[in-house]
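> Sequence and predicted structure below; questions after.
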Protein chains: 2
Amino acid sequence: MTNPKTFALKGSICFSADPGHLVSEENAYVICENGKCAGVYRELPERFRGIPCTDAGNSLIIPGLTDLHLHAPQYSFRGTHMDLELLDWLDTVTFPEEARYADLEYAGKAYRIFADDLKKSFTTRACIFGTLHVEATELLMDLTEETGIKAYIGKVNMDRNGPEDLQEESAESSAKATVRWLEDAQVKYRNVRPILTPRFIPSCTDELMTKLSAIQQNYRLPVQSHLSENPGEADWVKDLCPDSEFYGAAYDRFGLFGGEGCPTIMAHCVHSSEEEIALMKQRGVYVAHCPQSNTNLSSGIAPVRRFMEKGLNMGLGTDIAGGHSLSMLRTAADAVQVSKLRWRLADDSQKALSFAEAFYLASAGGGSFFGSTGAFLEGYDFDALILDDSFWAYPGTLTAGERLERLAYIGDERCIAGKYVCGEKLF
Amino acid sequence: MTNPKTFALKGSICFSADPGHLVSEENAYVICENGKCAGVYRELPERFRGIPCTDAGNSLIIPGLTDLHLHAPQYSFRGTHMDLELLDWLDTVTFPEEARYADLEYAGKAYRIFADDLKKSFTTRACIFGTLHVEATELLMDLTEETGIKAYIGKVNMDRNGPEDLQEESAESSAKATVRWLEDAQVKYRNVRPILTPRFIPSCTDELMTKLSAIQQNYRLPVQSHLSENPGEADWVKDLCPDSEFYGAAYDRFGLFGGEGCPTIMAHCVHSSEEEIALMKQRGVYVAHCPQSNTNLSSGIAPVRRFMEKGLNMGLGTDIAGGHSLSMLRTAADAVQVSKLRWRLADDSQKALSFAEAFYLASAGGGSFFGSTGAFLEGYDFDALILDDSFWAYPGTLTAGERLERLAYIGDERCIAGKYVCGEKLF
């Protein structure tokens, strides 16, 4: 009997196995064998004759995309209050909204909208912030689990500098809540897994960071947080941590900045110093580059070319709701756009990103945080999207690569005609 | 008998009569009386009792938006070849594509797609570049006429520095073709009107500019062109016009830079000097600010705050296909976004645009080029859009202003439930 997770998709296949190089094969087959990719072929190989084959016609077939950084509770207010900078935006909009997730009824309503949209999106893998509330975060995990998308989801830790209704009472209670959450969440899910999520240095006392470090080691958890996003925030961290030479060092002294057994994502890194970049490289820390958010919150433009030159691990994030769009394909286009403005306005020695480079970051680049995902290479998890771009009429003909670039700029989730994660069809 | 062009729309009404101020009235009426706006009211005034009223429920009702700058023949390839800067992009992609419009069959196919999408868009008024071809430009005018949108459309003039297949033989033949086009186009249409369209200084000899100046005066035509878009282009103009103190002066010496009887739009103005800005102010020249295009072509970010301080006439343009999106609501969000990056990276004395300011530019700001349009003020042309944002679920409640901002960031043409120009319902 043919295994239902062994099949072929036929269409215009596009993927990127290394930055700057887009592979495309028209009228070709990509094979899924027991949930793993078994390669791309112009003709169906002998040993796969007879497996089920979905002919997607002229549609594009691309790997699933990874959103390395987003805040699920902020999805509700995306695209509003866009006239504020980071710290004001946190105090005025974000913290009051996140406080509402203490109410499970509201959380259920809002997270249902989020999960429904995430399922319909280009995203097959995501690293997601919840709120500090254990129950709401589990609800978010339940709903995300149902989508079939693979995600790391974090209950947020914050025991200082928050408003009264969005701050944990003490380092002790924050750590306790985290353990309570982990005991449940570690074992409960197939698609979602917990990730340790100290909000950012200004939200976490040294005492809390010490406790989180112990939890990280005990549960062997990955870590996600924010780094060097905005000048105002960076100055604040300097005041709070006079002993840390740079922002990243404030995580590193607690062992929460990458290294063996501690896979770590740091969002933004817009204003990272050379020392900070060097430590990220040394520790294998992932940069989650969030171009739309960094624009909306007036943070600036991250030196992505520099990160690439240095060989840092890197992917892209929507940073909902600093970013407003859930589309990882649009995020790739945004990354190209801001890199051009950085080249023109700030540093013309740093070449802008090509679309191929940005697409790599959105697929295999960020995907590697989840292991071998994000490219149609043998042995990679079979995450795939079928994209039908016929809605956006074109008077002539385009190559597969041109069509993919075009969708990143002018397309939206309407083009997604099929979505697979580890060989399972989500729709 | 009630005039069919006298009616009321009821819903959540939003408009801007001055920069920085968004008027909104929920559950209110906006009246159209013989194609003109007769004001916004919480209760239907006595004298309008009995006129037809469309209850749009909870939908937003906003003025139609004006796209001050776009190239119809480039619509076909929007969102592709985005890795090039202006002059390379013109030579490699744009000129070869525009040359194809010599073929009326291709032109018909491509312009039909453009006109269909324009009709469905947020745009009710537009200033459009065609190609240098008379027949194809008339075809574009025919198709745009059918949409019901009001537009200025220009046959492009270019007699130097083009490729062999996209350049007019001489100043003489370019002028002759222009007159042939005008004799036909001046009288033929109700919704579309011709506009004189020298492509840009590098494409037009002095001899051609002299002839176009005579034609402008003879036919009392408005003018559209490009100005100070990109450093490479600006340097080229300096070489070509050693006698002009700045780029704009190269138009002005032919009387094609605003002033009495010569309403003029100049697209971009990213690198305009203070002298150029002063002359634009003096001559009443309109700036068409095209944030998306200026990003895609690595041109930079125009000093929009400076233009506002100086009181320049200004609106927004998509600049299809330097810009990739036809959405003028997205263009407003783009204008906010790039102004933040300019503030952060280039000049923090120039405050970023608020959404209200950007929306003003997209509606009444650019609309004023067409007379009294773009706001729900008494006597203004009744151009309106009904926007149903229920597709983008929200877990709580939002004000009308927040909903409009949100649509600019996350919405698209799917939300347009009704469109009116001068009181005529397009759909």
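Alright, I've got the coordinates.

> Surely A:Val336 is in contact with A:Phe355?
Yes. With contact defined as C-beta atoms under 8 Å, A:Val336 counts as touching A:Phe355 (5.7 Å). All C-beta atoms are positioned from the backbone trio N, CA, C, and that covers glycine.

> Identify the contacts common to these two.
Taking C-beta atoms under 8 Å, 6 or more residues apart in numbering or on different chains as the contact definition, A:Val336 and A:Phe355 share the neighbouring residues B:82-83.

> if I pick the residue in the stretch 51-200 of chain A positioned nearest to chain B, what's in contact with it?
Checking the stretch 51-200 of chain A residue by residue against chain B with C-beta to the nearest C-beta singles out A:Gly79 as nearest, at 3.2 Å. A:Gly79 makes contact with A:321, A:324, B:405-410 under the criterion C-beta under 8 Å, 6+ apart.

> Just the closest of the residues you listed to B:Pro202, please.
Ranked by distance to B:Pro202 (C-beta to C-beta), the contacts of A:Gly79 are led by B:Ala408 at 34.4 Å.

> Report the secondary structure state of that closest one.
Three-state call for B:Ala408 (DSSP: H, G, I helix; E, B strand; the rest coil): helix.

> For it, give me its contacts.
Under the criterion of C-beta under 8 Å, 6+ apart, the neighbours of B:Ala408 are A:79, B:329-330, B:332-333, B:355, B:358-359.

> Nearest residue to whichever residue of the stretch 301-427 of chain A sits closest to chain B in space, please, no chain neighbours.
Sorted by distance to chain B under C-beta to the nearest C-beta, the residues of the stretch 301-427 of chain A start with A:Tyr409, at 3.2 Å. Excluding its sequence neighbours, the residue lying closest to A:Tyr409 (C-beta to C-beta, 6 or more residues apart in numbering or on different chains) is B:Gly79, at 3.2 Å.

> Same question for A:Trp236.
A:Pro202 (5.5 Å).

> from memory the one you found sits against A:Leu240, does it?
Yes. A:Pro202 is in contact with A:Leu240 according to C-beta under 8 Å; the separation is 6.1 Å.

> Looking at the two, which has the bigger crowd around it?
For A:Pro202 versus A:Leu240, the count of surrounding residues by other C-beta atoms under 10 Å in any protein chain shown is larger for A:Pro202: 19 against 16.

> quick one: low-confidence ranges for chain A?
Regions of chain A meeting the criterion pLDDT under 70 cover residues A:1-4.

> Contacts only, for the most centrally placed residue in it.
For chain A, the residue nearest the mean C-alpha position is A:Leu68 (1.7 Å; C-alpha atoms, centre = their mean). Residues counted as contacts of A:Leu68 (C-beta under 8 Å, 6+ apart) are A:126-127, A:265, A:267, A:286, A:288, A:315-317, A:366, A:369.

> Among those residues, name the ones in strands.
Secondary structure from DSSP state E places A:126-127, A:265, A:267, A:286, A:288, A:315-316 of those in strands.

> Turn those into JSON lines, columns for neighbour count and distance to chain B.
Written out in JSON lines, the entries for the ones in strands among the contacts of A:Leu68 read as follows (neighbours: other C-beta atoms under 10 Å in any protein chain shown; distance: C-beta to the nearest C-beta, whole Å):
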{"residue": "A:Ala126", "neighbour count": "29", "distance to chain B": "18"}
{"residue": "A:Cys127", "neighbour count": "26", "distance to chain B": "21"}
{"residue": "A:Ile265", "neighbour count": "27", "distance to chain B": "24"}
{"residue": "A:Ala267", "neighbour count": "29", "distance to chain B": "18"}
{"residue": "A:Tyr286", "neighbour count": "28", "distance to chain B": "24"}
{"residue": "A:Ala288", "neighbour count": "30", "distance to chain B": "19"}
{"residue": "A:Gly315", "neighbour count": "30", "distance to chain B": "21"}
{"residue": "A:Leu316", "neighbour count": "31", "distance to chain B": "16"}
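
> Please identify which of those is nearest to A:Arg160.
Comparing the ones in strands among the contacts of A:Leu68 against A:Arg160 with C-beta to C-beta places A:Ala267 closest, at 19.8 Å.

> what's near enough to touch that closest one?
Contacts of A:Ala267 by C-beta under 8 Å, 6+ apart are A:68-69, A:224-227, A:229, A:288, A:290, A:317, A:319.

> cool, A:Thr131 as well?
When the contact criterion is C-beta under 8 Å, 6+ apart, the partners of A:Thr131 are A:73, A:98, A:101, A:137, A:155-156, A:166.

> A:Ser349 too?
When contacts are counted by C-beta under 8 Å, 6+ apart, A:Ser349 is found next to no other residue.

> Please, which helix or strand holds it?
For A:Ser349, there is no host helix or strand (DSSP states H and E).

> Give me the distance between the residue lying farthest from the centre of chain A and chain B.
Relative to the C-alpha centroid of chain A, counting by C-alpha atoms, centre = their mean, A:Glu46 is the outermost residue, at 37.6 Å. Computed with C-beta to the nearest C-beta, to the nearest Å, the distance linking A:Glu46 and chain B is 38 Å.

> Kindly report the same for A:Cys32.
Using C-beta to the nearest C-beta, one gets 30 Å for the distance from A:Cys32 to chain B.

> residues contacting that residue?
For A:Cys32, the contacting residues are A:5-9, A:38, A:382, A:384, A:420, A:423, by C-beta under 8 Å, 6+ apart.

> give me that answer again for 7 Å
With contacts defined as C-beta atoms under 7 Å, 6 or more residues apart in numbering or on different chains, A:Cys32 is in contact with A:5-7, A:38, A:382, A:423.
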